[in-house]
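Student: requesting a structural model of the entry that follows:
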Amino acid sequence: MDWRQLLCGDRIRDYRTGKNAGDLRTEFEKDYHRIIGSASFRRLQDKTQVFPLDKSDFVRTRLTHSLEVSSLAKSLGQNISRKIIQEIGDKSFLESYQADVCDILQCAGLLHDIGNPPFGHFGETVIREWFQKNLCNFFYHGQSLESLLLPQMKSDFYNFEGNTQALRLVTKLHYLVDEHGMNLTKGLLGTIIKYPVSSLGINKNSGNIKDKKMGYFYAERDIFKDLQKSLGTAGARHPLAYVLEAADDIAYLTADIEDAFKKGCITFGQLVQELESCGKGEEENGEYFRITRALKERYEKAVERGVSQPEGHAVQNWVVRVQARLITYATESFAINYGQIMEGAYAHELLYGSLGERLAWALGDIAYRYAFVSRPILKLEIAAETIMEFLLEKLVDAVIYYDTGERMNDVQKKMIMLISDNYKAIYRIYSRDKDEIERLYLRLLLVTDFLCGMTDSYAKSLYQELNGMI
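Tutor: Reported below is the predicted structural model:
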């Protein structure tokens with residue numbers, strides 16, 4: 001792969017009819033302003049990171065998480081660019097590319113969760129499982145939807161991903177000017193595709209992380225092909241996708257611990273104990289020893305200074321230290337595996353095989369045991385499932401005969417009226433001249449489009465209103 005192609009500043013719809021002498025921004029800087037000015041980005045402030053419908057102003061939402069990922073991704077971009085220039089010595093990577101890399105990664109961090117449905121990753125699980133269980137129970141002219149849809153169409157719903165929805169959102173659904181969505185640069189779009197395979201290409205046993213999940217829907221197959229051609233990735237991950245993924249991992253691994261502490265899911269003493277347990281048997285200067293010592297030292301200093309809540313102060317400062325360590329490991333890994341990454345042959349996450357891999361695993365394990373399976377989370381997820389399943393049932397029933405000329409009942413018509421006019425406009429544009437089966441598939445995507453555009457609060461209030469809980 002070649003950096004000149006990978007950092008492609010072209011857009012799917014070229015709007016540049018002439019230079020605006022007053023606008024000195026690069027194309028990637030323009031992307032940044034398009035993203036932060038969008039309603040889709042703003043809605044992330046009311047979407048779950050870990051704790052659904054949480055009323056605390058401290059605990060992270062998808063918006064604050066995305067801002068943190070954006071910042072970490074930019075930092076990684078700076079480090080990695082300097083490594084390429086100063087140590088790896090790749091002459092094809094020009095000095096000017098550093099700014100482009102940082103801008104792309106900063107934007108990609110803002111976008112990486114923009115397609116997620118309400119209620120965090122659990123919302124994705126509900127959508128997948130609902131379609132797996134129910135697609136056979138809905139009928140179109142006497143035939144089940146499961147028997148009518150093409151294999152990839154069905155698989156798109158059975159393997160539904162918020163990351164895949166993000167590509168659909170920014171290339172189509174966000175109606176900025178026309179049906180091309182935000183019309184972002186191809187270099188940025190390539191970066192947010194973590195898994196460059198279709199739903200039929202998923203192979204969790206391949207040993208290659210790019211096959212773990214799907215990266216694009218059947219509906220966006222032409223966009224994906226165009227990006228692959230323009231970027232020269234040829235079925236491989238964009239090198240910056242590894243960096244974005246590492247930034248996301250670093251952000252949530254550390255933030256989940258901090259949020260779990262703030263919510264009282266884990267105490268300071270338990271965190272110290274867990275870290276010490278992980279480090280048993282390692283030499284005195286080992287990674288866990290240093291990390292645990294850093295946490296204790298921050299607590300002791302907070303006590304000496306008379307900080308009112310020394311434990312919370314220590315955890316917050318310690319998180320910054322851990323992030324810095326993981327950034328270093330990810331940077332070194334990118335440099336070590338640079339040849340394979342640029343050949344499209346590197347099959348792992350950046351922290352794989354590094355000193356940071358074990359630390360990352362430990363942080364994820366601690367967060368899972370103390371937060372993700374805590375009673376408040378479990379209860380909220382059960383409630384979220386009830387909300388999502390109800391909405392899916394009503395919406396899928398409504399869209400089956402929408403735009404077909406067939407008779408619909410009053411409830412179905414009213415459900416269709418609730419769906420965003422922008423989403424329906426996009427459906428009409430892209431369903432034009434398509435055959436009957438693809439139009440049916442696009443109507444089902446209209447349901448997931450509407451659901452993924454909802455905030456947690458909106459999904460909850462809509463469920464309550466439709467059930468007469470006013």
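
Student: tell me, how many residues neighbour the nearest residue to residue 172 once chain neighbours are set aside?
Tutor: When the adjacent residues along the chain are set aside, residue 172 lies closest to residue 181, with 4.9 Å between them (Cβ to Cβ, 6 or more residues apart in numbering). (C-beta placed from N, C-alpha, C; glycine too.) Other residues near residue 181 number 25, with proximity taken as other Cβ atoms under 10 Å.

Student: then residue 147?
Tutor: Counted with other Cβ under 10 Å, residues neighbouring residue 147 total 11.

Student: wait, a strand at it?
Tutor: No: going by DSSP: H, G, I helix; E, B strand; the rest coil, the assignment for residue 147 is helix, not a strand.

Student: give me the nearest residue to the most centrally placed residue in the chain, chain neighbours excluded.
Tutor: The centre of the chain sits closest to residue 113, judged by Cα atoms, centre = their mean, with a distance of 3.1 Å. Excluding the flanking residues, the one nearest residue 113 by Cβ to Cβ, 6+ apart is residue 62, at 5.1 Å.

Student: now that neighbour: how far from residue 123?
Tutor: Per Cβ to Cβ, to the nearest Å, residue 62 is found 11 Å from residue 123.

Student: where in the stretch 1-150 of the chain is pLDDT low?
Tutor: The stretch 1-150 of the chain contains residues with pLDDT under 70 at 15-22, 48-60.

Student: show me where it has strands.
Tutor: Under the criterion DSSP state E, counting those that start in this stretch, the stretch 1-150 of the chain carries strands at the ranges 139-140, 143-144.

Student: residue 246 contacts residue 354, correct?
Tutor: No: the pair residue 246 and residue 354 fails to qualify as a contact (Cβ atoms under 8 Å) at a distance of 10.2 Å.

Student: any shared contact partners between the two?
Tutor: Common contact partners of residue 246 and residue 354 (Cβ atoms under 8 Å, 6 or more residues apart in numbering): residue 330.

Student: out of the two, which sits in the more crowded spot?
Tutor: Of the pair residue 246 and residue 354, residue 246 is the one with more neighbours under other Cβ under 10 Å, namely 27 against 21.

Student: check the gap between that one and residue 240 for me.
Tutor: Distance of residue 246 to residue 240, computed by Cβ to Cβ: 10 Å.

Student: on that earlier part again, more crowded one of residue 62 and residue 123?
Tutor: residue 123 (27 against 24).

Student: for the residue nearest to that one when sequence neighbours are not counted, phi and psi?
Tutor: Leaving aside its chain neighbours, residue 123 sits nearest to residue 117 (3.7 Å; criterion: Cβ to Cβ, 6+ apart). Here is the backbone geometry of residue 117 (degrees, to the nearest 10): phi -80, psi 180.

Student: and residue 117, how many neighbours?
Tutor: When neighbours are counted by other Cβ under 10 Å, residue 117 registers 27.

Student: wait, residue 106 sits on residue 70?
Tutor: Yes: between residue 106 and residue 70 there is a contact under Cβ under 8 Å: 5.1 Å.

Student: break the chain into its domains for me.
Tutor: In terms of domains, the chain is parsed into 3-133+151-240, 241-374, 377-466 (source: automatic domain parsing).

Student: any idea which of those gets closest to residue 143?
Tutor: Taking Cβ to Cβ, domain 377-466 is the member of these nearest to residue 143, at 10.3 Å.

Student: could you redo the domains of the chain as JSON lines and give each row distance to residue 142?
Tutor: Formatted as JSON lines, the domains of the chain follow (distance: least, Cβ to Cβ, whole Å):
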{"stretch": "domain 3-133+151-240", "distance to residue 142": "18"}
{"stretch": "domain 241-374", "distance to residue 142": "43"}
{"stretch": "domain 377-466", "distance to residue 142": "12"}
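
Student: tell me which of those domains sits nearest to residue 140.
Tutor: Smallest distance to residue 140 across the domains of the chain (Cβ to Cβ): 5.6 Å, for domain 377-466.

Student: endpoints of that closest one, how far apart?
Tutor: 25 Å (Cα to Cα, to the nearest Å).

Student: now that domain, how far from the centre of its chain.
Tutor: 22 Å (Cα atoms, centre = their mean, to the nearest Å).

Student: got it, and stretch 371-390?
Tutor: What separates the centre of stretch 371-390 from the centre of its chain is 20 Å, taken as Cα atoms, centre = their mean.

Student: quick one: contacts of that stretch?
Tutor: 50-53, 117-119, 122-123, 126-127, 130, 256, 259-260, 263, 265-266, 451, 459-460, 463, 466-467.

Student: show me just the buried residues among those residues.
Tutor: Among the contacts of stretch 371-390, those classed as buried by 16 or more other Cβ atoms under 10 Å are 50-53, 117-119, 122-123, 126-127, 130, 256, 259-260, 263, 265-266, 451, 459-460, 463.

Student: rewinding a little: the residue nearest to residue 172 belongs to a strand?
Tutor: No: applying three-state DSSP, one finds residue 181 to be coil, outside a strand.

Student: give the contact list for residue 266.
Tutor: By Cβ under 8 Å, 6+ apart, the residues touching residue 266 are 257, 260, 274, 366, 370, 371.

Student: now with 7 Å?
Tutor: Applying Cβ atoms under 7 Å, 6 or more residues apart in numbering to residue 266 gives the contacts 260, 370.

Student: element containing it, please.
Tutor: Following DSSP states H and E, one finds residue 266 outside all helices and strands.

Student: touching, the residue nearest to the centre of the chain and residue 63? I think so.
Tutor: No: taking contacts as Cβ atoms under 7 Å, residue 113 lies outside contact range of residue 63: 9.0 Å.

Student: give the intersection of the neighbour lists for the two.
Tutor: What both residue 113 and residue 63 touch, as defined by Cβ under 7 Å, 6+ apart, is the set residue 44.

Student: tell me which residue lies farthest from the centre of the protein.
Tutor: Max radial position in the chain (Cα atoms, centre = their mean) goes to residue 304, at 40.9 Å.

Student: quick one: pLDDT of that one?
Tutor: For residue 304, the pLDDT comes out at 90.

Student: picking that back up, shared neighbours of residue 106 and residue 70, anything?
Tutor: Joint contacts of residue 106 and residue 70 (Cβ under 7 Å, 6+ apart) do not exist.

Student: and the helices in the stretch 251-400 of the chain?
Tutor: 268-278, 287-304, 310-336, 338-343, 355-367, 375-399 (DSSP state H, counting those that start in this stretch).

Student: in a markdown table: the ones you listed, plus distance to residue 75.
Tutor: Supplementary listing: those in a markdown table, determined by distance: least, Cβ to Cβ, whole Å:
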| stretch | distance to residue 75 |
| --- | --- |
| helix 268-278 | 24 |
| helix 287-304 | 19 |
| helix 310-336 | 6 |
| helix 338-343 | 18 |
| helix 355-367 | 15 |
| helix 375-399 | 30 |
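
Student: ok, which of those helices comes nearest residue 185?
Tutor: Of the helices of the stretch 251-400 of the chain, nearest to residue 185 by Cβ to Cβ is helix 338-343, at 20.3 Å.

Student: which positions in the closest one come out as buried?
Tutor: Buried residues in helix 338-343 (16+ other Cβ under 10 Å): 338, 341, 342.

Student: measure the last one to residue 336 for me?
Tutor: Put plainly, it is residue 342. 13 Å.

Student: again with residue 61
Tutor: From residue 61 across to residue 336, the span is 35 Å (Cβ to Cβ).
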